[in-house]
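**Q** Got a sequence here, can you build the structure:
(chains A, B, C and D)
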2 protein chains.
Amino acid sequence: MRKVRTYSTDIDLVQERRAQIVQTAVELIVKRGYNRTNTRELATALGMSTGGLYHWIGSKDDILYLIVNFTSDLTQGLLDNCARCGGGTVTQKLKESIKIYFSGVEEFRNFHNFINHVMLSLSANDRRIVYQNESRIVDYFEGLLDEGVKKGEFREIDCKCIAHNIVAIANAWANRGWYLKRYYTIDKYTSEETDNLLAQLTGVPTASVRSR
Amino acid sequence: MRKVRTYSTDIDLVQERRAQIVQTAVELIVKRGYNRTNTRELATALGMSTGGLYHWIGSKDDILYLIVNFTSDLTQGLLDNCARCGGGTVTQKLKESIKIYFSGVEEFRNFHNFINHVMLSLSANDRRIVYQNESRIVDYFEGLLDEGVKKGEFREIDCKCIAHNIVAIANAWANRGWYLKRYYTIDKYTSEETDNLLAQLTGVPTASVRSR
DNA sequence: TTTGATTGACTGAGCGATCACTCGGTAGAT
DNA sequence: ATCTACCGAGTGATCGCTCAGTCAATCAAA
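**A** Numbering: from 1, shown residues only, chains lettered A, B, ... in the order given. This is a model prediction of the structure:
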């Protein structure tokens, strides 16, 4: 956790203001791109002056860092929810986790699009945070799939690959929303993809297909 | 096709220089991001001066447009290759098309990452080009899947959804290459994902799984 | 209760730097 | 002599960031 300069000593207020900055900055950046979002506009959108903005942060790049960190917290929260979700079988756990993660992507679509957009502009350190973050998600699903295979609920599959697919397809809801939203709601998309996945994991009767 | 200013009248030379500009610009932008790639550096990398650069293009934004258009041509070329590929069954055609498209993503990874990065900065018109482009790819695979279902090679599936998945998973090789390249080569990834897909499409024997 | 001092969030004009783009000029080919 | 690819110092505009200053809130002494 890097230090970000502030002239305030009120820790709570700093956190509150930075949360506002992160929220507003993400909205603006996703709308207009990072370079076209200048500090003047951002300050105005926050109901501040540029000087006021720099009371809470040290530089424009700090905003990237704060957003990356905030995103990291968001996904950690989602994973915690996933880990807590019940269900006796691994299949049920997987279904619920997917539901939680997919609706998380929908809820924080702006943040996903933001990360996508600024990835190349991030410092090496900030990029590492994003990587760790994404890896954690894949690891979680990989663990679930592994468990399912061990317990005989799923057939033998490349768990790493399929875990990656789950995450890639979830992220696609943010990245490729312009396409998907023409045809699906997030609920329809989630259930459709869950079905697709389970067909892969458990297999479906070949005979009934061939006989059609 | 928008007009891009040039002071030259030699159409062939314009095209050649612009191809060089596109190639070099993509490499630089993917390395450093769009705003940090200034015209001086780009010109230097091209062995030109800034003035020389503006002999061939009218503005920095024109470069975005040229790259977007170039990308569009690239994918059109890939789709043409796909359409031309033989094989008696739809399954074989699908396998070959996936191979062509996936290796295309690998070959033009820079372009994919570029589009990802600048999407939010694109003008409405340029963005429309990207959308049309991506839609064409999904449509191609959707058509193949439809054909497969009609001919009874695949079970009844949501072709649009699965076509989208193919594209999303292919693009993931570019977007999420930092993760995937730790564990897969493009060939391994392609064959793994092809197997996964066919398991979805044709179904796999449930019995053998259950009996394990 | 009044008053004077102090604090700290916030202001906004302005500075320095950068950057996209121009334009008068040059050198080599025809 | 003309043409044209190319040069590079210069220009105007933008943008990140600063800093001297404002003002309302807080507090302590009178």
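**Q** what about the helices in chain A?
**A** A:11-32, A:39-45, A:50-53, A:60-84, A:90-107, A:109-118, A:124-150, A:159-175, A:177-180, A:186-202, A:206-210 (DSSP state H).
**Q** between those, which has the poorest average model confidence?
**A** Of all the helices of chain A, helix A:206-210 carries the lowest average pLDDT, namely a mean of 36.
**Q** which bits of chain A sit near DNA strand C?
**A** A:7-10, A:13, A:17, A:43, A:47-52, A:54-56 (Cβ under 7 Å from any atom of the strand). In this view, the C-beta of every residue, glycine as well, is placed from N, C-alpha and C.
**Q** So which of those is surrounded by the most neighbours?
**A** Counting neighbours by other Cβ atoms under 10 Å in any protein chain shown, the top entry in the residues of chain A next to DNA strand C is A:W56, with 23 neighbours.
**Q** circling back: of the helices of chain A, which is nearest B:C161?
**A** helix A:186-202 (5.1 Å; Cβ to Cβ).
**Q** which ones among the residues of chain A next to DNA strand C come in contact with DNA strand D?
**A** Answer for the residues of chain A next to DNA strand C near DNA strand D (Cβ under 7 Å from any atom of the strand): A:50-51, A:54.
**Q** Can you tell me which of these is nearest chain B?
**A** A:T50 (18.9 Å; Cβ to the nearest Cβ).
**Q** May I ask you to confirm that that closest one is in contact with A:R40?
**A** Yes. Counting by Cβ atoms under 8 Å, A:T50 does reach A:R40; the two are 5.6 Å apart.
**Q** Quick check: pLDDT value at A:E153.
**A** pLDDT, A:E153: 95.
**Q** contacting residues around it?
**A** Residues counted as contacts of A:E153 (Cβ atoms under 8 Å, 6 or more residues apart in numbering or on different chains) are A:89-91, A:201-202.
**Q** hey, which of the helices of chain A is tucked in deepest?
**A** Of all the helices of chain A, helix A:159-175 has the most neighbours on average by mean count of other Cβ atoms under 10 Å in any protein chain shown, namely a mean of 22.
**Q** For it, enumerate the helices and strands it packs against.
**A** Contacts defined by 3 or more Cβ pairs under 8 Å, 6 or more residues apart in numbering or on different chains; DSSP states H and E place helix A:159-175 against helix A:90-107, helix A:109-118, helix A:124-150, helix A:186-202, helix B:159-175, helix B:186-202.
**Q** near chain B, which of the contacts of A:E153 show up?
**A** A:T202 (Cβ under 8 Å from any Cβ of the partner chain).
**Q** For B:D73, state which of the contacts of A:E153 is nearest.
**A** A:L201 (39.0 Å).
**Q** Hmm, A:I157 and the closest one touching each other?
**A** Yes. Contact criterion Cβ under 8 Å: A:L201 and A:I157 qualify, at 6.6 Å.
**Q** Residues that sit against both of these two, list them.
**A** Common neighbours of A:L201 and A:I157 (Cβ under 8 Å, 6+ apart) are A:L145.
**Q** Of the helices of chain A, give the one that comes closest to B:Y34.
**A** In terms of Cβ to Cβ, the element of the helices of chain A nearest to B:Y34 is helix A:109-118, at 10.0 Å.
**Q** ok and the closest one relative to helix A:124-150, angle-wise?
**A** Using axes from the mean of the first three to the mean of the last three Cα atoms, to 10 degrees, the direction of helix A:109-118 lies 120 degrees away from that of helix A:124-150.
**Q** Look up the closest residue to A:D158, ignoring the ones flanking it.
**A** B:E192 (5.6 Å; Cβ to Cβ, 6 or more residues apart in numbering or on different chains).
**Q** thought the one you found was touching A:C161?
**A** Yes. Applying Cβ under 8 Å, one finds B:E192 in contact with A:C161, separated by 5.1 Å.
**Q** Which residues are in contact with A:D61?
**A** Counted by Cβ under 8 Å, 6+ apart, A:D61 has contacts A:S123.
**Q** do the same with A:A170
**A** A:98, A:101-102, A:105.
**Q** and of those, the nearest to DNA strand C?
**A** A:V105 (32.4 Å; Cβ to the nearest atom of the strand).
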